[in-house]
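S.K.: Fold the following for me, if possible:
(chains A and B)
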Protein chains: 2
Amino acid sequence: MQGEFELISRFFTPMPPGPAAGVALGVGDDATLLVPTPGERLAVSVDTSVAGVHFPEDAPAEAIGHRALAVSLSDLAAMGARARWCLMSLTLPEADDAWLAAFARGFHALCEATGTTLVGGDVTRGQLAIGVTVMGEVSPADALVRGGARPGDRLAVTGALGGGAGGLALWQRGIHDLDHPLLARYLRPLPRLAAGLALRGLASAAIDISDGLLADLGHVLEASGVGADLNAEMLPLAEGLAEALGDEAARHAALCGGDDYELLVSLPPSRLAEARRRLADLGLSLSLVGRITAERGVRGVAAEAMPGWQHFSGDTP
Amino acid sequence: MQGEFELISRFFTPMPPGPAAGVALGVGDDATLLVPTPGERLAVSVDTSVAGVHFPEDAPAEAIGHRALAVSLSDLAAMGARARWCLMSLTLPEADDAWLAAFARGFHALCEATGTTLVGGDVTRGQLAIGVTVMGEVSPADALVRGGARPGDRLAVTGALGGGAGGLALWQRGIHDLDHPLLARYLRPLPRLAAGLALRGLASAAIDISDGLLADLGHVLEASGVGADLNAEMLPLAEGLAEALGDEAARHAALCGGDDYELLVSLPPSRLAEARRRLADLGLSLSLVGRITAERGVRGVAAEAMPGWQHFSGDTP
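M.R.: This next block holds a predicted model:
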């Protein structure tokens, strides 16, 4: 693309990253040279967001920039990894300065908030799409994986569910008020990086909820070779969700809607209180939603069937 | 995208990479966990290839897969880095099994040929585009950068030039015979990874020729704060180029055409013979094309103005 270098340098290299950022040679050469932390694993993931598929084409540019990075960082959160670096591939139909400036603002603000350094990227012409590769670090013993859930473990989710699907529904109805909590959840999801770090050593398995609770739970169960009892009535609903969609659609959104980017974790009952304390320090709730079973498959379960379910006090076996 | 997981698992995880590949946790979790080599720098780069922009939409799928990886690996070659891992973001309008199988074949074959392990990716629906993030390793002292060219250094290129532009010209004329050397160069460029490794300790600066010799030389000169004398008449022309385009257009293609993915290096005259010996062992030529000057800018220079130019014997001062 003509002017690629100029575009990149104008919007995507705000300051030269120093040695503290683990960047030995920054943007501007054929490749960037990074300095991995000795003894740590490098966690890598890529997600591509396509206009009209993953976000509305007419969403605010700043939100698009934020969101494209957030969905990738969410994968690092689910590994219990510290976010370190990212690369961005931006494909866009035309170079619109105002759009690019807002897009870059949203992207950079989340970089800064999460300690992620943008270390490379490219700009090409085509249908609007953003691919973000993220790199994080985690020590081998600390990594949260999908395959560690064991029968008897509890299932819990951070924050609240259904906000992604609820926000999308509002947007499609023509409600574009970004201050609405559901639209904020949909367009500016917050990757739960701090929660992922806090849950290291406590969670037996973790995944981020991008495809919907039920689908992502399925990935954990399959990887762990276990099943689950799930109490759909106890799911923590996103603020304003029941009002916007009605009770039944709200519960469906929390169960099956995607784009929430909360964490679903399994953990032994004995660790639930400590996990809740740590997340409370981050201003985040951790809600019990079910338990792991040896029997495969997912079964609905009533709240009263589970000791300590409704009024968990931290000492339930 | 519906079926994303199935698509990825069917075409893009042919075998579980073992510890030898530096993969502690492979595809299938939220992120892949890699094991960087202690003491080495991690070289990272991303390139996106868009159909109709970077390659013809109707190019063979196998070539598209090969090419998308090749252009990214070329950046690692220019750093003197060993290729280690890659991630692929595939955006495609529809899931066509035969197309995907051929695409994956081209991609995997180059992975195998270069020792690159595919460790992640995603598949989304949209205009055909492929983003490839590559990760390589290089020890800090060995990295080839753009900024090291010094006055008196010689400028040299690997292989031959103009093949990318020549191949594109043929394709646009409706000549789609992939056995034609120019079309092979254009659609299946070979990243000069082995050459990059061989030139460590010899080259003072390096870049891969993706935008055209003149443009990429400009990047080296700017980064190094120097200028160059360039002998355009001595450029090594790709096989069949003069026949296909005529002499003048051939020379222009070699000077300004993009997509050659050869390496342009600067090096002290005393190291030229050794560099040539090492590349000869790889079956690759290294052609002298100019010299670095203290005076900024690029000037044309006749062959006879440069001692040792035409019949370089290895002992030219």
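
S.K.: Tally up the residues packed near A:Ala129, please.
M.R.: 27 (other Cβ atoms under 10 Å in any protein chain shown). All C-beta atoms are positioned from the backbone trio N, CA, C, and that covers glycine.

S.K.: Check A:Glu57 too.
M.R.: A:Glu57 has 11 nearby residues by other Cβ under 10 Å.

S.K.: Quick check: it touching A:Ala51?
M.R.: Yes: with contact defined as Cβ atoms under 8 Å, A:Glu57 reaches A:Ala51; the gap is 4.4 Å.

S.K.: Find the residue at the geometric middle of chain A.
M.R.: When Cα atoms, centre = their mean is applied to chain A, the residue found nearest the centroid is A:Ser74 (2.7 Å).

S.K.: so what's in contact with A:Glu57 and A:Ala51 at the same time?
M.R.: A:Leu128 (Cβ atoms under 8 Å, 6 or more residues apart in numbering or on different chains).

S.K.: so where is chain A shaky, pLDDT-wise?
M.R.: A:1-10, A:12-19, A:301-317 (pLDDT under 70).

S.K.: the helices in it, which residues?
M.R.: A:4-11, A:61-79, A:97-114, A:163-172, A:181-187, A:193-198, A:213-224, A:241-245, A:247-256, A:272-281 (DSSP state H).

S.K.: So for chain B, which of those helices sits nearest?
M.R.: Evaluated over the helices of chain A, closeness to chain B peaks at helix A:61-79, with 3.9 Å, by Cβ to the nearest Cβ.

S.K.: rewinding a little: export the helices of chain A as a markdown table, with columns for distance to chain B.
M.R.: Below are the helices of chain A laid out as a markdown table (distance: least, Cβ to the nearest Cβ, whole Å):
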| stretch | distance to chain B |
| --- | --- |
| helix A:4-11 | 9 |
| helix A:61-79 | 4 |
| helix A:97-114 | 15 |
| helix A:163-172 | 16 |
| helix A:181-187 | 18 |
| helix A:193-198 | 9 |
| helix A:213-224 | 7 |
| helix A:241-245 | 23 |
| helix A:247-256 | 14 |
| helix A:272-281 | 18 |
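
S.K.: need the ones you listed in TSV with distance to B:Phe107, can you?
M.R.: Formatted as TSV, these follow (distance: least, Cβ to Cβ, whole Å):
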stretch	distance to B:Phe107
helix A:4-11	24
helix A:61-79	22
helix A:97-114	28
helix A:163-172	32
helix A:181-187	34
helix A:193-198	31
helix A:213-224	25
helix A:241-245	42
helix A:247-256	33
helix A:272-281	41
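
S.K.: winner for burial among those?
M.R.: helix A:61-79 (a mean of 27; mean count of other Cβ atoms under 10 Å in any protein chain shown).

S.K.: surely A:Thr114 meets A:Leu73?
M.R.: Yes: between A:Thr114 and A:Leu73 there is a contact at 5.9 Å, judged by Cβ under 8 Å.

S.K.: okay, and the common contacts of those two?
M.R.: Shared contacts of A:Thr114 and A:Leu73, defined by Cβ under 8 Å, 6+ apart, are found at A:83, A:191, A:193.

S.K.: Can you tell me the closest non-neighbouring residue to the last one?
M.R.: What that stands for is A:Leu193. A:Ala77 (4.5 Å; Cβ to Cβ, 6 or more residues apart in numbering or on different chains).

S.K.: what's near enough to touch that neighbour?
M.R.: By Cβ under 8 Å, 6+ apart, the neighbours of A:Ala77 are A:191-193, A:195-196, A:208, A:263.
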